[in-house]
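Engineer: show me the folded form of this:
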Amino acid sequence: MSPRARRGRAATTRSSVRRAPARRSARRSTKRRQQRGGDRLVGLAVVVVLAVGLVGAVVNWLLDHWWVLIVVSALGVLAGSGWLYQKQQRARWEAVRAQGLRYGLAQLDALHHSRFEDAVRDLMRRDGCQDASRVGGGGDLGADVKATDPHGRRWVIQCKHRRNGLAGSAVGTPDLQVLNGTARQVHGADVAVIVTNGRVTAPAVAFAEQQRLHVVDRHTLGVWASGSLPLWDLLRAVPPPRRPTSLS
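Structural biologist: Below is the predicted model of the structure:
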């Protein structure tokens, strides 16, 4: 055999020696994966058998002690009835509270500005706006209270509380401009209102009339808060009712 042939045969032998351990390692890895898969299947089968056995034992016990089912069912019915009764009572109490809600101007003057917004929201609820909510705060974009009245109209209200009432600073045109810029375009208002327990300047009133905004000054607020009429019956030129909604 020539030297070149001997070298080729030796190289082939070394390559075969190197591949053999790699094949053995791959076979061992495959066997381990198969064994782990088999172990998982066995474990799952054991769990299923135990679960079926437990369910069967519980069912047999309940069949032997059928009265337990009756007791549990009765307790469930009693608990559900109690929860429903309490819910109905809370709803009735809220309705009574809302119908009887009244504020005097002195009470409103003494409120914190956020509590004043709560009071306006509650007055809207009293008048039938079930979804009335306070949204005032940072970034409210001129809307402190939003509500849908029983006639389907969307109300957006900006609140301006003055701790000193009439002696406090007057609501001016800039306040109305903020409301005018966001109430309809941003919040989708049908009725845009500014409510204050203080004064409103004459230019602000004129601007409100030009832009179809509504001003609730101290006098109007006092009449509204006393509970004589809903707000839409106290304001002039309120848009006509929309189609009835679920809140109507």
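
Engineer: could you measure from Glu117 over to Gly222?
Structural biologist: 18 Å (CB to CB, to the nearest Å). Yep, even glycine has a C-beta here, placed from its N, CA and C like the rest.

Engineer: these two: who's more crowded?
Structural biologist: Glu117 (23 against 16; other CB atoms under 10 Å).

Engineer: what about the more buried one, which helix or strand?
Structural biologist: helix 113-126 (DSSP states H and E).

Engineer: and that helix, what does it pack against?
Structural biologist: helix 66-99, strand 133-134, strand 145-148, strand 154-160, helix 218-225 (3 or more CB pairs under 8 Å, 6 or more residues apart in numbering; DSSP states H and E).

Engineer: of all the ones you listed, which one comes closest to Arg32?
Structural biologist: helix 66-99 (49.3 Å; CB to CB).

Engineer: avg pLDDT for that closest one?
Structural biologist: Here helix 66-99 scores 71 as its mean pLDDT.

Engineer: what's the helix or strand just after it packed up against?
Structural biologist: The first helix or strand that comes after helix 66-99 along the chain, using DSSP H and E, is helix 105-110. When contacts are defined as 3+ CB pairs under 8 Å, 6+ apart, helix 105-110 sits against helix 218-225.

Engineer: pull out the buried positions in the helix it packs on.
Structural biologist: Buried residues in helix 218-225, counted by 16 or more other CB atoms under 10 Å: Arg218, Thr220, Leu221, Gly222, Trp224, Ala225.

Engineer: out of those, which is nearest to Ala192?
Structural biologist: Using CB to CB, the buried residues of helix 218-225 come closest to Ala192 at Thr220, 15.2 Å.

Engineer: domain ranges for the chain?
Structural biologist: Following automatic domain parsing, one gets these domains for the chain: 3-94, 103-233.

Engineer: pLDDT (mean, whole number) over the last one?
Structural biologist: Spelled out, that is domain 103-233. Mean predicted lDDT for domain 103-233 stands at 93.

Engineer: so for this structure, the centremost residue is which one?
Structural biologist: Ser133 (11.5 Å; CA atoms, centre = their mean).

Engineer: so that residue versus Val46, what's the distance?
Structural biologist: Look at Ser133 and Val46: by CB to CB, they are 55 Å apart.

Engineer: go on, Asp149?
Structural biologist: 64 Å.

Engineer: before we move on, what about Val205?
Structural biologist: 82 Å.

Engineer: pick out whichever of those two has more residues nearby.
Structural biologist: Per other CB under 10 Å, whichever of Val205 and Val46 has more neighbours is Val205, with 16 against 10.

Engineer: may I have the beta-bridge partners of the residue lying closest to that one once chain neighbours are set aside?
Structural biologist: Nearest non-adjacent residue to Val205, counting by CB to CB, 6 or more residues apart in numbering: Val215, 5.9 Å away. For Val215, the beta-bridge partners are Ile194 (DSSP bridges).
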